[in-house]
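In: Everything below, folded, please.
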Amino acid sequence: MGGMASHALTVGFDLDMTLIDSRPGIAAAFVALSAETGVAIETDLVVSRLGPPLEQEIAHWFPAAEVAAVADRYREIYPAYAIGPSLAMPGARESVEAIRALGGRTMVVTAKYEPNAKLHLAHLGIQPDVIVGGLWAEAKAEALREHGASVYVGDHTGDVRGAQAADAFSVGVTTGPCDAAELRAAGADVVLTSLTEFPAWLAAYTTSQG
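Out: Take a look at the predicted model:
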């Protein structure tokens with residue numbers, strides 16, 4: 001790294017249920033997939049466990065031999081169904097702005113297919129400096145290390161593991177499938193109820209870091 005770059009604050013965020021509430025959009029995409037394939041899919045169950053790679057979810061509903069092809073088809077129809085209904089999480093824009101106000105950089109590291117992740121963020125007017133898709137749990141550390149992220153924010157125990165693997169400070173938010181106890185047990189350094197608490201936490205954190 002060298003020079004000033006290594007001292008700049010870089011904060012990474014997960015996407016689904018951290019920065020965006022993608023449940024309405026993902027449910028709509030799975031309804032369309034169900035109609036097209038004739039396979040019954042319980043969308044309430046699907047959106048209750050977002051975070052892991054799509055293939056893991058598809059495997060609950062389709063035979064192993066079909067998973068790859070069905071996942072490809074889902075990603076193909078996703079923009080038409082999932083982008084419009086999905087919303088920014090409370091505090092998401094303010095959190096990104098708070099980092100920028102401190103001269104910091106923001107990145108999104110998600111297991112989601114990268115082109116679709118970019119569509120979500122563009123639609124909602126949230127513009128991180130870097131967006132990396134296709135990484136889950138410990139693999140998220142690859143991107144976090146590459147871009148020098150010192151903090152990673154996520155809603156899933158997989159996000160906590162990713163932060164730990166990157167030696168980044170792990171901020172958990174209880175807006176997804178994992179509660180505070182699960183996030184703490186996984187090793188989160190701090191747990192917030194939502195991103196609405198993040199700007200104030202960030203101000204205190206950066207002060208304490210000197």
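In: what ranges of this protein fall below the confidence cut-off?
Out: Where the chain drops to pLDDT under 70, the residues are 1-7.
In: at 80 instead, please
Out: For the chain, the stretches with pLDDT under 80 are 1-7, 210.
In: residue boundaries of the strands in it?
Out: For the chain, the strands defined by DSSP state E occupy 10-13, 20-21, 87-88, 105-109, 130-132, 151-154, 169-173, 190-192.
In: Looking at those, which one is packed in the most?
Out: Burial of the strands of the chain is given as mean neighbour count (mean count of other CB atoms under 10 Å); strand 151-154 ranks first at a mean of 29. Heads up, the C-betas are built off the backbone N, CA and C, glycines and all.
In: what does that strand contact?
Out: Strand 151-154 is contacted from outside by 9-14, 18, 95, 109, 140, 144, 159-160, 162-163, 166, 168-173, 176, 195, 198, 205, using CB atoms under 8 Å, 6 or more residues apart in numbering.
In: Quick check: neighbours of that strand in the sheet, parallel or antiparallel?
Out: Under the criterion DSSP bridges, strand 151-154 sits next to strand 10-13 (parallel), strand 169-173 (parallel) in its sheet.
In: Quick one: end-to-end length of stretch 56-75, please.
Out: Its first and final residues considered, stretch 56-75 spans 14 Å by CA to CA, to the nearest Å.
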